[in-house]
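S.K.: here is my input, please return the structure:
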Amino acid sequence: MTPWWNKPLRVLQFNIEDPYGFYANKISAENVIALARKIRANTLIVFARDAWGRVFYNGSSLYPKHPNTRLDVKELVEKGEKEGIHVVVMAAHTANRYLYRMHPDWAQRNKKGEVIVLEHYPRAEKVVDPHWPLICPNSPALDLYFVPEVEEAVKLTGAHGLLLDSFRYLPDPPRACFCEHCRLKFRREYGMDLPEEANIEDIAFRDAWEWRYNVTVRAIARMREAVKRVNPDTLFFYNSHPAGWAGRGNIVVAKSRRYLDAVFAEASEVDVRGPGMLTIASKLSKAVLGDGKPVFVSRNAFYDLRPVQSPPAPTIRLGIYEIVASGGYPIVTMFSSQFFNDQRAIDAVEEAYSVVEKIEEYIDGAEPLRYLGIVFDPETHDKYYWRKPEYYIGEVEGFSLIGMHRHMPWEIVSSTDLTEKSIVERYPVIIIPDMAILEDDAIDILENYVYNGGLLIITHEFGVMRPDYTYRESLAMQEILGLQYEGIFWFGYSYLHLGDDKIYKEYWEGLPRAIPFGDHSAAFVKERTDPKLGEVVRVTPVAEDVEVLGWTRLGRSAYGYEYTLGRSTPAPDSVTQLAALTLRRYGRGTVVYYAHMIGAHYSRLGHPDYAELVTRVIKKHGPSQPIKIKAPETVQAEVYKQGDRIIIHLVNHTFNQKILSAPTGPSKQSLPSFEPGYRVHPVREIIPVYNIEICIEKKALNNTVKAFDPVNDAKLETTDKGKCISIKVPELKEYSVVVIEQK
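M.R.: The predicted model follows:
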């Protein structure tokens, strides 16, 4: 039987989260169910136990009941079942003040012995009697509380699902636990002390890093077993917070995918990020979790860090539509303070969820049209870029944004699946961004992929390291690339010189002959230039049939003298003999190599030149896109197939009010600011886009078609243009779904 969570869900997460229960005595099962009904949610998420260690159900043998609550989760479950609403409870939160006060020795502690907290203390403030101290899963708490807690919560409430929310135990040295329980357990398992120095060349540090992940994965496995023991049909999932905690939650999901029914991609950063953040969180989470399992993605009902304040309605609706378009289940998170003080968001959620409910027929069972696969590798993120994971994430994110902005159907692929031939062959084009660590088992599959006609695009330090930390001293697939690897050059700034005259005319006409790489340092403390973006991999072509599409060109100086002396980009100088962009045909396919970090530059700067360097190669050497969308870059298009149906979600990110401003970093020249250095403005109005055209190649169709938009109850005009069928969307306001059915 299909699990209940494999059908489209519209979720409300309702949190009662303060130490004194300001509103707890006003919240009942009746008004939570009434709220869910009003906004047309079919799933509720509530605390079984909060971070202070109080439960919201009767009969606990572990924790006290919240002293002020009227809410009884068991009653909520019973009332929800009558309304067709599933109830999921949150439990085993590692923040637990109740346990900490009873057992201070169970707390996670850093190497100085200080309690590690989930709450946000200022850096200089000393932690005293914390509200959200983290409890260590290596302490007796796991056996005596966390595992029994999840079992008890499901048994006593009858909940349909259990979410491990903020089950946090991090490996990073400033956040890693060095409590006596961790030290003792590590010594028993490895015969050595937990290392306190962060040194990737120390075997103890490597073992401890991996061991900390395994602590979390083993705990997840045990809690799953306890939940399923009560009821095997209970949804069991984990809050990965894919854009938080340096992305460490993604690695936990990758390592525990066999234990998880789903994942919660909490995306609370969305208000301080640009368009596409929710989509990347959704697709990245789907990739690391694996095929066929749902991803829940959150859009807070409040704005930024202001849980008492509703944002403008378009902000809410747009977030929900983006989540659904990218293949996620939307979760709207509301806190009790907002519910009692500012309910304006509720109408916006109701409006969006009504639309989502209306189109469920076209969501259920739909599969993404797979054209471009962008590989994410947890090993590279966590072993090669362990100190600076943002550079690797930037490289992956940049290619994701290129796919999104240029309307190429794209998905993220986990490197875990590169050894699965059937998954690799789904994508006619694969991009592997700066994947420094590659398993030997994946190489044969990738080589066969290219030989059999695939277009493989790889960047920077591809496969220079194995998972066991040994170096290849070459790029992976070096013989196929026809290149000899000779290490890294760091210029600070360099240029990509776009080929000779013949190559330039064939590929790059209209672009400048020299495109800059590298940028000023955002920190600007000890160095003028960014420490990573200026890197170029030195490669020499060793096969006669390697085509060099671009060469490395030096900057005229270490930094620019023009304009902002010391922070600006220098002018271009001599062209070197270092190949920086190469292409080679292998069998029926093509492999393209970029020595620079293309994606990281597009992620940081958004300049279309970096996108052109990629999209022109794909258009020339990749298979034609079966579906092309002619629309501005601010229109997000997500394409799905559902049997003979083609379904295209159009989300309109065309607005002019969202303002994000970032400081440029200090310098000796700096004066007091003229205006605030931090500004975050919400979307307040979405600007309609007119006359979007969708062109479907006839070879992708079996019959004639009809097209309509169920969101707006509109029939859409179709025109036969010879090689393709054209469908016009006369106006896109916020969201449309184009359904193409074959007659």
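
S.K.: run a quick neighbour tally on the closest residue to residue 349 other than its chain neighbours.
M.R.: Distances taken as Cβ to Cβ, 6 or more residues apart in numbering put residue 39 closest to residue 349, at 4.5 Å, once the chain neighbours are dropped. All C-beta spots, glycine's among them, are computed from the backbone N, C-alpha and C. Neighbourhood size, residue 39 [other Cβ atoms under 10 Å]: 22.

S.K.: quick one: residue 39 and residue 14 touch, right?
M.R.: No. Using Cβ atoms under 8 Å, residue 39 is not in contact with residue 14, being 10.7 Å away.

S.K.: can you tell me the element the residue nearest the centre of the chain falls in?
M.R.: By Cα atoms, centre = their mean, the chain has its centre lying nearest to residue 281, at 2.7 Å. According to DSSP states H and E, residue 281 maps onto helix 277-289.

S.K.: so what secondary structure elements neighbour the next helix or strand along the chain from that helix?
M.R.: Sequence-wise, the next helix or strand downstream of helix 277-289 (DSSP H and E) is strand 295-300. The helices and strands touching strand 295-300, judged by 3 or more Cβ pairs under 8 Å, 6 or more residues apart in numbering; DSSP states H and E, are strand 262-265, helix 277-289, helix 313-325, strand 329-335.

S.K.: partners of the first one, with directions?
M.R.: Sheet partners assigned to strand 262-265 using DSSP bridges are listed as strand 235-239 (parallel), strand 295-300 (parallel).

S.K.: end to end on stretch 17-30, go ahead and measure it.
M.R.: End-to-end distance for stretch 17-30, by Cα to Cα, to the nearest Å: 19 Å.

S.K.: and stretch 639-646, by the same measure?
M.R.: End-to-end span of stretch 639-646 (Cα to Cα): 7 Å.

S.K.: buried stuff in it?
M.R.: With burial defined by 16 or more other Cβ atoms under 10 Å, the residues of stretch 639-646 counted as buried are 639-642, 645-646.

S.K.: contacts made by that stretch with the rest, please.
M.R.: When contacts are defined by Cβ atoms under 8 Å, 6 or more residues apart in numbering, stretch 639-646 is touched by residues 362, 365-369, 409, 627, 647-649, 696, 700, 702-703, 739-742.

S.K.: ok, 7 Å please
M.R.: Stretch 639-646 is contacted from outside by 362, 365-369, 409, 627, 647-648, 696, 702, 739-742, using Cβ atoms under 7 Å, 6 or more residues apart in numbering.

S.K.: same question, stretch 226-234
M.R.: So stretch 226-234 is contacted by 3, 147, 150-151, 154-155, 160-162, 236 (Cβ under 7 Å, 6+ apart).

S.K.: if you average pLDDT over it, what comes out?
M.R.: Stretch 226-234 shows a mean pLDDT of 98.

S.K.: residue 162 falls within a strand, correct?
M.R.: Yes. Inclusion of residue 162 in a strand is indicated when DSSP: H, G, I helix; E, B strand; the rest coil is applied.

S.K.: beta partners for it?
M.R.: residue 89, residue 236.

S.K.: host element of the residue nearest to residue 317 when sequence neighbours are not counted?
M.R.: Nearest residue to residue 317 in three dimensions, chain neighbours excluded: residue 352, at 4.4 Å (Cβ to Cβ, 6+ apart). In the assignment (DSSP H and E), residue 352 maps to helix 344-358.
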